[in-house]
Every structure is written in C-alpha cells, then in structure tokens.
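Engineer: Take this sequence and fold it.
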Amino acid sequence: MDMLWSGWGDPAKAAPLPDAVTGLLRDLLGVKPRDTAPHALDEIPLAEPAPDPVLRALADAVGGPAHVRTDAETRIRHTRGKSTPDLLRIRAGDAGDAPAAVVLPATHDEVLAVLRVCAAHGLAVVPFGGGTSVVGGLTPERSAFVALDLRRMNGMLGIDPVSRTATLQPGLRAPDAEALLTEYGFTLGHFPQSYEWATIGGFAAARSSGQASAGYGRFDEMVLGLTLATPEGTLDTGRAPRSAAGPDLRQLILGSEGAFGVITSVTVRIRPLPRTRVYEGWRFASFEEGATALRRLAQDGPRPTVLRLSDETETFVGLAQPDAIGSAGAPATAGCTAIAGYEGTEEETARRREEAAAVLRAAGGTCLGAEPGERWAHGRYSAPYLRDALLDAGAFAETLETATFWSRVPELYAAVRTALTETLTAAGTPPLVMCHISHVYENGASLYFTVVSAQGEDAVAHWATAKEAANEAVLGAGGTISHHHGVGTDHRDWYLREAGPLGVEALRAVKRRLDPDGVLNPGILLPVD
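Structural biologist: Below you'll find the model as predicted:
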C-alpha cells in the first residue's frame with residue numbers, strides 16, 4: 001500500500017477531530033473552518049516527463065520499462081515529503097516539484113547503472129524510501145530529476161545470530177524489517193513516529209532516532225556497516241564492530257541524506273525479542289522538575305527503554321496521549337506527564353522498574369499507573385494523523401526538534417517557545433506551543449516542539465517566518481539545528497553555520513569526489529556549487 005498522497009499514512013486510519021478539540025481550537029486560537037480539501041489527483045497539472053531517450057536508457061538500467069514510471073499519480077506520490085507546508089502545497093494542487101520519472105531499481109548494480117545514466121544526461125537523482133521527510137529532503141534544487149524509489153530492494157540479505165547482526169536492504173519498511181527479524185527471535189528496537197512507513201535506508205540517511213532510544217540507542221548507533229552506490233563507484237564500510245583503522249567512513253554516510261550516494265545495504269545490530277513490555281505514567285509538578293528526574297535516570301540509571309516528558313501545555317492538551325485527545329481519558333490537570341517503558345525478561349523488567357520508580361519518586365514524581373503508559377503505547381503512531389485532521393479543521397500544525405546539553409535545556413526551551421510565540425502572534429495567528437523530551441543521554445536531551453495555530457491568510461509564509469526565528473533561537477541558545485529530522489533544505493543554511501566554513505568545505509570536497517557532476521540530491525545538506 002502507498003501512503004496517502006495528500007496526507008499521512010493509511011486513509012482508513014484517519015478520523016476527524018472530536019468536537020471538544022474543535023471547540024478548544026476555536027476558543028483558544030480563533031481557528032475557523034477553511035476549505036482545505038485537496039484537489040482531485042487527476043486535476044493537478046504536471047510538467048512534461050523526462051524525454052524518451054532518457055526513459056529508454058533508464059529502462060535498460062533497471063530491467064525494462066515496467067520499472068520506469070511517468071504516470072501522473074506515481075509522480076505526484078513522489079512529490080516532496082510530509083511536512084505541513086508540503087501537504088498544504090500539494091492539497092492546493094501545486095506539484096511543481098514533481099519528478100520527471102520514478103525509477104525502481106532492484107539491485108546495487110542497477111542503482112549504479114541509474115546513476116551513470118543520470119550523470120550522462122544531467123538529470124538529478126533523489127533517493128526515495130518511505131517519503132516521510134519533513135525538512136525538504138526530497139526537493140532538490142534542480143527542476144529535472146528522477147525519484148529513485150527503492151521499494152524493490154526490500155529484503156534481508158543475511159542474518160548472523162551469533163554476532164547478532166542483520167544486513168537489510170534500504171527499501172525495507174520498518175514493520176517488515178521487524179517481522180523478518182521476529183522470525184529469528186530478534187528485534188531492531190527502532191520505533192520512530194514514522195515507523196509504519198519509513199525505511200531502513202531512510203533511517204540511516206537521516207540519522208533517525210526511535211521512541212525507545214533510551215534503551216536501544218539511535219539508529220546510527222545500531223549501524224555496523226553500509227554499502228553506498230555513487231556515480232564514481234561503490235563504497236563499502238564496516239569490517240568489524242569497531243576499528244582504529246582511520247576515521248570511520250560509516251559516519252560520513254550516516255546523515256548524508258542522499259547527497260553523497262545511495263545507500264544500498266545496511267548491516268545493523270539486533271537484540272533478542274523482549275519477553276515483556278511495560279509502560280507507565282508519572283506526574284511532575286513542572287517541566288523543570290520532570291527534566292531533572294529524567295536527567296538523573298539518564299546519568300545514573302537505571303535507564304528505562306522508553307523515557308519521555310511532556311511539558312505543561314502538551315500535558316493539558318493531551319498530546320502525550322494522542323489517541324485520548326478530546327476523550328474522557330485525556331489528562332486535563334496541572335503538571336507534566338512522563339512516560340517510562342521497560343523491556344526485557346520479566347525479572348529484569350520488574351527490577352529496573354522498581355529501581356527507576358525510587359529515583360522518580362525521590363525527584364518529586366507521582367506514579368499514575370499503567371493506564372497512561374499503555375494508552376501512549378497504543379497511540380504512539382497516531383500524531384501525524386491528528387495533524388491531517390487539524391488541517392482539515394482549519395488549523396495549522398507543525399513540529400521542530402533540537403538537542404543540547406542538560407545545562408542548556410532550560411534556556412533552549414524558553415528561547416524556542418518565545419521565538420515561535422512572538423513571531424506567529426505578530427502574524428495574527430497566536431499559537432499553542434507544546435514541547436516534550438523524548439530522547440535522553442548522559443550529557444543532554446532532545447526537545448521536540450509541536451506548534452498549532454490558525455492557518456491565517458498564508459499559513460506557509462507565516463510558518464516560514466516562525467521557523468526561521470526558531471532556527472535562530474536554536475543556534476543562539478547552543479542547540480543543534482536537528483536531532484533526528486535531518487537537514488534537507490529547510491535546515492541547510494543553519495547547518496552550514498553549525499558546521500563552520502572549514503567543515504563545509506571538507507564536505508564539499510567529499511561530494512565533488514563521489515559526485516563530480518552534482519546529480520545526487522542537489523541542494524540537500526549542502527548548497528549547489
């Protein structure tokens with residue numbers, strides 16, 4: 001099944017907002033119903049596809065014309081990603097960034113052949129996995145490009161139960177990867193909010209981080225080896241779990257977002273399937289108090305598998321439990337909700353849960369029992385569907401995330417909230433700004449902001465101004481421009497400042513060597529030369 005072209009995920013899972021939420025949006029933010037229904041797919045105008053000689057060359061590269069598609073629906077489904085501005089534009093019938101063709105290779109060698117064809121014809125290449133980018137990672141700065149859809153490369157190439165590793169192809173969706181590993185008694189343990197649709201290659205290309213990162217780690221920490229196809233040939237990395245043989249080239253590929261090459265296989269660390277999973281809720285009087293509790297667990301243990309904290313606003317609205325919003329189960333009391341989850345054997349889970357509870361109580365926490373935790377687990381992938389329902393109701397909803405050291409968390413939190421609130425209020429669309437900590441480390445944590453406001457006359461323009469102000473606030477307060485969404489085009493200018501001139505020139509040198517004609521996702525991560 002393909003994702004909904006004008007929104008997120010499976011259309012059967014979409015639901016309108018409850019009346020209580022619609023009323024809250026009207027009373028708090030002045031949200032008014034708007035005609036945001038998407039254009040009919042067959043009414044969206046498209047530029048001409050790639051010329052016939054190019055299409056024939058691409059077909060030769062991937063085993064025939066059946067694997068090169070130029071029909072309108074396929075091209076529209078591969079247009080941009082899933083940020084709110086992306087969705088508003090496509091709903092309005094704007095497919096100006098549609099690819100000239102969609103190409104579906106089945107092997108590493110076919111990817112190499114496609115890259116050679118595109119380099120010869122000056123055609124850009126955008127690797128396409130689940131299409132879940134929210135930072136402009138699928139919108140190259142070149143009008144003529146092909147989307148390299150990796151869905152046919154969707155298998156497990158090998159598993160080593162002794163070493164606890166598996167080699168996976170890039171187009172394998174996360175649920176399918178879990179199903180394959182489950183047959184052998186293993187799990188990857190990577191469950192981001194995009195889990196149902198995102199792919200293994202996308203996780204590596206964007207340095208993804210899953211909701212169980214406190215226990216399993218980030219995806220880049222799971223990667224032991226990578227194979228990269230480039231216009232100049234193949235780059236293989238990862239002969240051992242760790243090495244002192246020079247700089248780690250795996251780290252050069254991780255987070256490169258298709259700008260250096262196309263990831264064609266990923267060798268990952270796997271873990272035994274947990275025998276039990278337990279989630280519970282906690283309440284803290286303030287975000288500061290809750291953050292202190294999370295820091296104590298992250299630094300001194302025992303660290304839960306899942307550990308997250310919603311601020312007062314997110315807790316009041318109920319976004320800590322998206323499937324409870326507007327229902328009697330939605331929390332509406334003061335304070336902040338935290339979720340702690342534990343996985344492993346029954347004995348191990350019980351021990352860690354008891355020890356962590358002692359730390360959380362000592363830090364001022366009150367246990368709410370299993371119900372909030374289980375409700376969060378049940379609705380953990382529903383927030384993107386809620387975003388679509390908000391758009392249908394005339395609201396604007398978008399997210400951004402960052403990370404910093406623990407000592408800077410309060411300053412970063414305040415700076416971003418202030419930037420978003422002041423900018424959108426000045427534009428006539430005062431927002432509701434919510435935040436949670438969802439990834440913790442010994443030395444710091446991420447902050448994930450959700451912003452809801454009325455759409456106003458030009459929601460895309462309003463958000464562009466607000467996002468720029470937020471990005472400036474992130475760098476000014478010592479945060480990183482992205483913790484797990486990536487750079488794309490939306491964060492690129494701030495990433496250049498974060499990396500610094502010499503760092504940028506070093507990356508440019510790598511790109512020139514691997515992609516001398518500049519066909520790989522031009523403008524993503526680095527500006528076009």
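
Engineer: now the strands: where do they sit in the stretch 101-250 of the chain?
Structural biologist: In the stretch 101-250 of the chain, the strands defined using DSSP state E, counting those that start in this stretch lie at 101-103, 124-128, 145-149, 156-160, 165-168, 186-187, 223-230, 233-237.

Engineer: Quick one: closest of those strands to Thr276.
Structural biologist: strand 186-187 (13.0 Å; C-beta to C-beta). Quick note: C-beta positions are derived from backbone N, CA and C, even for glycine.

Engineer: and the closest one, which strands flank it?
Structural biologist: If you go by DSSP bridges, strand 186-187 pairs up with strand 271-272 (antiparallel).

Engineer: quick check, distance from the partner strand to the centre of its chain.
Structural biologist: 24 Å (C-alpha atoms, centre = their mean, to the nearest Å).

Engineer: what residues does that strand touch?
Structural biologist: By C-beta atoms under 8 Å, 6 or more residues apart in numbering, the list of residues contacting strand 271-272 from outside reads 164, 185-189, 216.

Engineer: Recalculate using a threshold of 10 Å.
Structural biologist: For strand 271-272, contacts defined as C-beta atoms under 10 Å, 6 or more residues apart in numbering pick out 161, 164, 181, 184-189, 215-217, 222, 343-345.

Engineer: Next, the buried residues of the very next helix or strand once past that strand.
Structural biologist: Remark: after strand 271-272, the chain's next helix or strand is strand 276-284, criterion DSSP states H and E. Judged by neighbour count using 16 or more other C-beta atoms under 10 Å, the buried positions of strand 276-284 are 277-284.

Engineer: same check, this time on stretch 154-171
Structural biologist: The neighbour-count check on stretch 154-171 (16+ other C-beta under 10 Å) flags 154-156, 159, 165-171 as buried.

Engineer: for stretch 41-49, same thing?
Structural biologist: Of the residues in stretch 41-49, those buried (16+ other C-beta under 10 Å) are 44, 46, 49.

Engineer: rewinding a little: what would the buried residues of strand 276-284 look like in JSON lines with distance to Ala291?
Structural biologist: As requested, the buried residues of strand 276-284 are exported to JSON lines (distance: C-beta to C-beta, whole Å):
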{"residue": "Arg277", "distance to Ala291": "25"}
{"residue": "Val278", "distance to Ala291": "23"}
{"residue": "Tyr279", "distance to Ala291": "20"}
{"residue": "Glu280", "distance to Ala291": "18"}
{"residue": "Gly281", "distance to Ala291": "16"}
{"residue": "Trp282", "distance to Ala291": "13"}
{"residue": "Arg283", "distance to Ala291": "14"}
{"residue": "Phe284", "distance to Ala291": "9"}
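
Engineer: Can you tell me which of the buried residues of stretch 41-49 is nearest Thr315?
Structural biologist: Ile44 (40.0 Å).

Engineer: okay, how far is it across stretch 205-223, tip to tip?
Structural biologist: By C-alpha to C-alpha, to the nearest Å, the extent of stretch 205-223 from end to end equals 11 Å.

Engineer: any idea how far the worst-scoring helix or strand of the chain on mean pLDDT is from the chain center?
Structural biologist: The helix or strand of the chain with the poorest confidence is helix 19-29; it has a mean of 87 (mean pLDDT, DSSP states H and E). Chain-centre distance of helix 19-29: 28 Å, with C-alpha atoms, centre = their mean.

Engineer: same deal with stretch 354-368?
Structural biologist: Chain-centre distance of stretch 354-368: 31 Å, with C-alpha atoms, centre = their mean.

Engineer: How about stretch 514-526?
Structural biologist: Stretch 514-526 has its C-alpha centroid displaced from the chain centroid by 21 Å (C-alpha atoms, centre = their mean).

Engineer: Give the rounded mean pLDDT of it.
Structural biologist: Summarised as a single mean, pLDDT over stretch 514-526 is 97.

Engineer: For stretch 337-356, buried residues please.
Structural biologist: Buried residues in stretch 337-356 (16+ other C-beta under 10 Å): 337-344, 349, 352-353, 356.

Engineer: quick one: which of the residues you listed is nearest Thr264?
Structural biologist: Thr264 has its nearest neighbour among those in Glu343, at 31.0 Å by C-beta to C-beta.

Engineer: Run a quick neighbour tally on the residue lying closest to that closest one once chain neighbours are set aside.
Structural biologist: Nearest in space to Glu343, with sequence neighbours left out and distances taken as C-beta to C-beta, 6 or more residues apart in numbering, is Pro274 at 3.8 Å. By the measure other C-beta atoms under 10 Å, the count of residues near Pro274 is 19.

Engineer: Also Glu442?
Structural biologist: A count of neighbours around Glu442, defined by other C-beta under 10 Å, yields 11.

Engineer: tell me which element the closest residue to it other than its chain neighbours is part of?
Structural biologist: Nearest non-adjacent residue to Glu442, counting by C-beta to C-beta, 6+ apart: Gln299, 5.2 Å away. Applying DSSP H and E as the criterion places Gln299 in helix 287-300.

Engineer: No more questions from me, cheers.
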